[in-house]
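Peer 1: pasting the sequence and the predicted model now:
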2 protein chains.
Amino acid sequence: MAQADFPEPVKSLIAELKRLPGVGPRSAERIAVWLLQSPKADAPALAVALNHAKASIVACPACGFFAVHGSCQLCDDPKRDDLTLCVVEQATDVLPLERCGAFRGRYHCLGGKLSPLDRVAPEDLRIPALLRRIDAAPVALEVILALGADVEGEATANYLAGLLRGRKCRISRIAQGLPAGGGLEHADELTLLRAIQGRRGI
Amino acid sequence: MAQADFPEPVKSLIAELKRLPGVGPRSAERIAVWLLQSPKADAPALAVALNHAKASIVACPACGFFAVHGSCQLCDDPKRDDLTLCVVEQATDVLPLERCGAFRGRYHCLGGKLSPLDRVAPEDLRIPALLRRIDAAPVALEVILALGADVEGEATANYLAGLLRGRKCRISRIAQGLPAGGGLEHADELTLLRAIQGRRGI
């Protein structure tokens, strides 16, 4: 006799849940059963939220951040500083920077970072739009490259710095060094090297 | 100025995802962004699977396992052994037992276990249906109590054993002892006590 299994609708739900990042086969099963059985679960509400978000969210045509149709709240905000432009890899990098509270300028999301291994080349990123924004600014912008400290982030930053040099803008890059709360004993050699290279007078 | 945040549809989706078991605020954000941005994601398919599963899955009226309308595949299967009845806590306990391959009888899911702390009393479990199944059987059934080895599982097993004693059935309980692959050095005292108590001649 065939081995018993969940009925087909449960299996389809588990299959869809298993595709989510960070959700393995066990968690997918657990979540599916919870959605079907727990009095606290609201599967239809999740389905509505999925469809609603998928249907209404677009990338802001100016900066690439999440927007409901038209442009995003960050581009729409007249109080932000138009003179500084923070270049990030992903739209998801914007909110962590917002939460740190140190930046109140404009953003530009590249939509990725240069990575030959993942076949991400300059033409796959929103670089022409970045150049247009910089060239169209009435005064010289400060362009802050807030890219990751990994190999691809470094490569992307160097590539952009090369493109921007000679253009009407000042270029800076966010600092690398010890993470807050991290002791020297937990830092790798490269982090310490960057921390020493980036030392500042006090 | 108000701190920037995701647009409302993304926030609603994150809120719904955060309610899933094992999904914290960070994972919920990561999953939501993935669902909206990754070319591999299929948010509408997940929504469809959710609605389809929620609308079509019921508890089998006979045993309590997952069923698509009517009765479940296990109750419907004419090749299974009608003389043994395996009592489990949850519908989700059935498939692990099926996968171990040692049991090919019928199941009865209680829908929980006795737990005064969680206010689960005997009347909250599918115990009357269990008694009816046992009493209605043409011959004496073997009833295997496959309940957990935790305090509530023990209490439920003892309670059921009391109810079933004197009824037309043989009662057994799954063994407790060392888990497969587990060395004695990793076993707690109670596990070792049960393993010694349950020792079998070889």
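Peer 2: Everything's here; your move.
Peer 1: separation between the closest residue in space to A:V120 that isn't next to it in sequence and A:F65?
Peer 2: Excluding its sequence neighbours, the residue lying closest to A:V120 (Cβ to Cβ, 6 or more residues apart in numbering or on different chains) is A:G112, at 5.1 Å. Where C-beta positions appear, they are placed from N, C-alpha and C, glycine not excepted. A:G112 sits 15 Å away from A:F65, going by Cβ to Cβ, to the nearest Å.
Peer 1: more neighbours, the two?
Peer 2: A:F65 (26 against 16; other Cβ atoms under 10 Å in any protein chain shown).
Peer 1: how about the contacts made by the more buried one?
Peer 2: Residues in contact with A:F65 (Cβ atoms under 8 Å, 6 or more residues apart in numbering or on different chains) are A:A59, A:C72, A:L74, A:C75, A:A91, A:V94, A:Y107, A:C109.
Peer 1: on that earlier part again, my guess is the residue nearest to A:V120 meets A:D124, correct?
Peer 2: Yes: assessed by Cβ atoms under 8 Å, A:G112 is found in contact with A:D124 at 6.3 Å.
Peer 1: before we move on, the earlier item: pretty sure the residue nearest to A:V120 sits in a strand.
Peer 2: No: going by DSSP: H, G, I helix; E, B strand; the rest coil, the assignment for A:G112 is coil, not a strand.
Peer 1: who touches it in this structure?
Peer 2: A:E89, A:Q90, A:V120, A:D124, A:L125.
Peer 1: element containing A:L74?
Peer 2: helix A:73-76 (DSSP states H and E).
Peer 1: now that helix: mean pLDDT?
Peer 2: If you average the pLDDT over helix A:73-76, you get 93.
Peer 1: for stretch A:15-25, same thing?
Peer 2: Across stretch A:15-25, the average pLDDT comes to 94.
Peer 1: can you give me the strands in chain A?
Peer 2: Taking DSSP state E as the criterion, chain A carries its strands at A:57-59, A:66-68, A:84-88, A:106-109, A:141-145, A:169-173.
Peer 1: strands paired with the third one, and their directions?
Peer 2: Its sheet considered, strand A:84-88 pairs with strand A:106-109 (parallel), strand A:141-145 (parallel) by DSSP bridges.
Peer 1: same question, the last one
Peer 2: With DSSP bridges as the test, strand A:169-173 is paired with strand A:141-145 (parallel).
Peer 1: pull the contacting residues for the closest residue to A:F65 other than its chain neighbours.
Peer 2: With Cβ to Cβ, 6+ apart as the criterion, A:F65 has its nearest non-adjacent residue at 4.5 Å, and that residue is A:C72. By Cβ under 8 Å, 6+ apart, A:C72 lies in contact with A:C60, A:A62, A:C63, A:F65, A:F66, B:P7.
Peer 1: determine which two of the residues you listed are furthest apart.
Peer 2: Pairwise distances across the contacts of A:C72 (Cβ to Cβ) peak at 14.9 Å, for the pair A:A62 and B:P7.
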